[in-house]
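Colleague: here are the coordinates; sequence isn't available:
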Ligand code: SF4
Ligand code: SF4
């Protein structure tokens, strides 16, 4: 008989908050892994650290800053505050069927059914008053999408805490960088008023140095995937979406070092993540399927098909080259905001999306293209023909379009997704 | 002067054909954040794109998928069908689906080898001194592109003249909207929307003349006395008066709106600072409350809606959302209690660009009218 997760039942009944649940789950998994398979414990170390920091921010004397979309997070760290990247919540609840559904349904009943389920979970948890933490400020930008731009102001009003917004420029050019630099300066003023402290340049440098180290590792790990066979499983890509928000967190460093070490070791041993050999190197044109992670393992095992990268999750961040030059650092921060996962492809003209696809197709030895399209992400769906034509014309590769809900597993089962991909690989790609 | 053109909601090619055969340029405009004054000053005809009457957008759906907004898809369909034969397109990133009209228009025109001038400007989604300064530069870029396209120099004088002309149109439309405040208005809601839609595909000077002729004729129009409830309509892009007519046929009279194809597109008078004309345009367009695409205008938008409902003494409000429209997807959370406090009941409706399921609309509208009528 399947074991009942009694803690989930508590979340369902409203007794337990999402933060306490997720932090507790991570701690439990870590303890279990340390006992059974200590070599794999690194996978949970980071989650335990991050969720613990969010849960205990106030206990640790830190202000908790909830944020959404591209924001200059390194600055939040420099003010000794604890950021909470809200997308971490749906990405963590997505595999937890009923619990996740509770928040989706609640949001749908009070607001909008067609909204992206990433936002539905974020708003649903607030409607249920189950964050378990109250942010001291909620800061967010005007992208990634219409959905977040509707959800966040409502949530901001519900939280009733101070808020600050950044408008991400439409064009990613010099003028756009200057625009973001100016807004980042305004954000610093906001943080100074919120905390009652002036920005401490040494602390900012320290946080940028950590970000540099993590970003360097993130870039190297992404590049490992160019190798054939791909040394790292597709499932590890699920963390990409959150990496950007946590780059200045020191807890990221050991996690990323371990991931890099593991990948390098696999390459040295001439091994790939597909245990029965690698055949299909798939590019997922949109997001990850956070709700059905087992589909990744299944495809690797049964078809030798590995997700090399998801386009919206791809992250190869810039590095602060001149850490003593404040203005230069602000420019790098601006570029990083523009190049964040989901932002780079989804939030501007489609040309940027195509450019990223070109880079990944050219560099990662891709031989199968799948638009695993999250149904909530309507503006990326509105570019599917452009994207698939682009791939067909330039790489002679047909693209499979599948509609999924990356967060709400009720939409499609893992079996339906993996069967559709499997059939496509064996009947159309046919390697 | 015969003003019947004001009451024709069909998308007419007449003005565009005449304009282009005079050797001048006509550009499609998506979303009301493109300042038409700038196009006008460059002697370009701005054609605000709509999809009225588009009943079949299958081909556009291949481009934009079944998950996208059917208004945006229908505009693309009309381009594919040749309903719009223009020199190109100017868009802002109004909402993200409207922005995709640009991407797909560009891809489709390239595919069929149709030469198009394509200009996309970024309209900030937030209102501050910094965002206005950015938008001002975007507008200057637009002006530069139009100068290149037409060879016409965009002088301050021309811009001021265009602002004056558009202000005149705004003032006249305001007079039309004022008519709806009467206990027995002389126009229906469907007619009011039709009048406002007429601006989308004719030169503004012609539009002004027609409005003047209509307003002069108002005393001869018969007041409407047989309605059962005064209604207001808000929500996603609505460019089809037939939708409102279906509601009015059931006894409601739509007397007010906050639609981006209706009153919101015209807004209040534009007061220009002659020392900073582009800055004034940027300020006017970002200060103006139009829709929830902005991240920081929700309270002001809700206040405007509630005040308008009270001002026009409406008995009920219709919140009409396009399927798959995110922009208008969350306003109910705070708007509903605000309207409740003001004693205004709401009916939520979802629609597609094509007029499907009219029977269902009629049933729901009739039930709502019956309900709010009793409350009068
Ligand atoms: S997946 Fe798409 S719709 Fe959802 S948050 Fe990301 S950009 Fe927005
Ligand atoms: S109806 Fe909604 S989704 Fe469609 S173009 Fe307008 S704001 Fe965008």
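Modeller: Cool, got the structure. Only a predicted model underlies this, so the values are computations on that prediction, with no experimental measurement involved. Ligands and ions are numbered 1, 2, ... in the order given.

Colleague: tell me who's in contact with the residue most central in space within chain B.
Modeller: By CA atoms, centre = their mean, chain B has its centre lying nearest to residue B:261, at 1.9 Å. With contact set as CB atoms under 8 Å, 6 or more residues apart in numbering or on different chains, residue B:261 has these partners: B:48, B:50, B:193, B:196, B:197, B:200, B:237, B:238, B:239. All C-beta atoms are positioned from the backbone trio N, CA, C, and that covers glycine.

Colleague: and ligand 2, which of those reach it?
Modeller: residue B:237 (CB under 6 Å from any ligand atom).

Colleague: which ones among the contacts of residue B:261 lie within strands?
Modeller: residue B:48 (DSSP state E).

Colleague: tell me, how many residues neighbour the closest residue to chain A within chain B?
Modeller: Closest contact between chain B and chain A, by CB to the nearest CB, is at residue B:122 (2.7 Å). Residue B:122 has 25 neighbouring residues, counting by other CB atoms under 10 Å in any protein chain shown.

Colleague: I'd say it and residue B:138 touch.
Modeller: Yes - contact criterion CB atoms under 8 Å: residue B:122 and residue B:138 qualify, at 5.4 Å.

Colleague: got any residues that touch both of the two?
Modeller: residue A:170.

Colleague: show me which residues of chain A are close to ligand 1?
Modeller: Proximity of chain A to ligand 1 is confined to A:116, A:118, A:144-145, A:147-148, A:287, A:342, A:346, A:374, A:376-377, A:380 under the rule CB under 6 Å from any ligand atom.

Colleague: just the helices in the stretch 1-150 of chain B please.
Modeller: B:14-21, B:36-41, B:58-64, B:70-81, B:96-112, B:129-150 (DSSP state H, counting those that start in this stretch).

Colleague: from the contacts of residue B:261, pick the one nearest ligand 1.
Modeller: Closest approach between those and ligand 1, by CB to the nearest ligand atom: residue B:237, at 19.4 Å.

Colleague: and the pLDDT for the residue nearest to residue A:25 when sequence neighbours are not counted?
Modeller: Excluding its sequence neighbours, the residue lying closest to residue A:25 (CB to CB, 6 or more residues apart in numbering or on different chains) is residue A:7, at 7.0 Å. pLDDT, residue A:7: 90.

Colleague: swap in residue A:246?
Modeller: Value listed for residue A:246 in the pLDDT field: 82.

Colleague: count of residues packed around it?
Modeller: Residue A:246 - counted by other CB under 10 Å - has 22 other residues nearby.

Colleague: residue A:304 now?
Modeller: Residue A:304 has 19 nearby residues by other CB under 10 Å.

Colleague: any idea how far the closest residue to it other than its chain neighbours lies from residue A:400?
Modeller: Distance criterion CB to CB, 6+ apart; nearest residue to residue A:304, sequence neighbours excluded, is residue A:279 at 3.5 Å. Residue A:279 sits 16 Å away from residue A:400 when distances are taken as CB to CB, to the nearest Å.

Colleague: burial count for residue A:427?
Modeller: 8.

Colleague: before we move on, what about the one 3 residues further on?
Modeller: Here the count is done by other CB under 10 Å, and residue A:430 has 7 residues near it.

Colleague: quick check on it: phi, psi?
Modeller: phi 40, psi 70 (degrees, to the nearest 10).

Colleague: tell me how far the most centrally placed residue in chain A lies from residue A:411.
Modeller: The residue lying closest to the centre of chain A (CA atoms, centre = their mean) is residue A:241, at 1.3 Å. For residue A:241, the distance to residue A:411 (CB to CB) stands at 19 Å.

Colleague: would you mind listing what in the stretch 1-150 of chain A touches chain B?
Modeller: With CB under 8 Å from any CB of the partner chain as the criterion, the stretch 1-150 of chain A meets chain B at residues A:110-112, A:114-116, A:140, A:142, A:145-147, A:149-150.

Colleague: farthest-separated two in those residues?
Modeller: A:110 and A:142 (23.0 Å; CB to CB).

Colleague: ok, those two, which is more surrounded?
Modeller: residue A:142 (26 against 15).

Colleague: that one and residue B:293 touch, don't they?
Modeller: No - counting by CB under 8 Å, residue A:142 sits too far from residue B:293 to count as a contact (9.2 Å).

Colleague: find the residues that touch each one of the two.
Modeller: Here residue A:142 and residue B:293 have A:149, B:125 as joint contacts, going by CB under 8 Å, 6+ apart.

Colleague: low-scoring stretches of the chain, by residue?
Modeller: If you meant another chain, say so; for now it's chain A. For chain A, the stretches with pLDDT under 70 are A:1-4.

Colleague: meant chain B actually
Modeller: Applying pLDDT under 70 to chain B picks out residues B:374-376.

Colleague: let me see the domain layout of it.
Modeller: B:4-159, B:165-273+B:280-372 (automatic domain parsing).

Colleague: could you pull out the helices for the stretch 1-150 of chain A?
Modeller: Here the stretch 1-150 of chain A has its helices, by DSSP H, counting those that start in this stretch, at A:6-13, A:18-36, A:42-55, A:73-78, A:88-93, A:97-110, A:117-127, A:146-159.

Colleague: if you compare those helices, which one is most tucked away?
Modeller: Ranked by mean neighbour count under mean count of other CB atoms under 10 Å in any protein chain shown, those are led by helix A:117-127, which reaches a mean of 27.

Colleague: could you give the angle of that helix to helix A:6-13?
Modeller: 80 degrees (axes from the mean of the first three to the mean of the last three CA atoms, to 10 degrees).

Colleague: these two touch, right, residue A:164 and residue A:136?
Modeller: No - if you go by CB under 8 Å, residue A:164 and residue A:136 don't touch, sitting 11.9 Å apart.

Colleague: host element of residue A:217?
Modeller: Assigned by DSSP states H and E, residue A:217 falls within helix A:201-224.

Colleague: name the residues that touch that helix?
Modeller: A:74-75, A:77-80, A:230-232, A:243, A:246-250, A:252-253, A:256-257, A:259-260, A:263-264, A:267, A:309, A:314-320, A:323-324, A:326, A:329, A:336.

Colleague: quick one: residues contacting the residue in chain A positioned nearest to ligand 2.
Modeller: Nearest residue of chain A to ligand 2: residue A:146, at 6.9 Å (CB to the nearest ligand atom). With contact set as CB under 8 Å, 6+ apart, residue A:146 has these partners: A:378, A:379, B:95, B:96, B:97, B:293, B:326, B:327, B:329.

Colleague: hmm, try it at 10 Å
Modeller: A:115-116, A:119, A:378-379, B:69, B:94-99, B:125, B:292-293, B:325-330 (CB atoms under 10 Å, 6 or more residues apart in numbering or on different chains).

Colleague: what do you get for residue A:285?
Modeller: A:309-312, A:345, A:353, A:356-357, A:360, A:369-373, A:380, A:383-384, A:387-388, A:390-391, A:399-401.

Colleague: out of those residues, which sit inside strands?
Modeller: Under the assignment DSSP E, those contribute A:309, A:310, A:369, A:370, A:371, A:372, A:373, A:399, A:400, A:401 to strands.

Colleague: closest to residue B:113 out of these?
Modeller: residue A:399 (24.1 Å).

Colleague: just give the closest residue to residue 127, not the sequence neighbours.
Modeller: Since no chain was named, I'll use chain A. Going by CB to CB, 6+ apart, residue A:127 has residue A:106 as its nearest residue, at 5.0 Å.

Colleague: wrong one, I was asking about chain B
Modeller: In space, residue B:127 is closest to residue B:286, 4.7 Å off (CB to CB, 6+ apart).

Colleague: tell me, how many residues neighbour the one you found?
Modeller: By other CB under 10 Å, 22 other residues sit near residue B:286.

Colleague: which SS class is it?
Modeller: Classification of residue B:286 by DSSP: H, G, I helix; E, B strand; the rest coil places it in helix.
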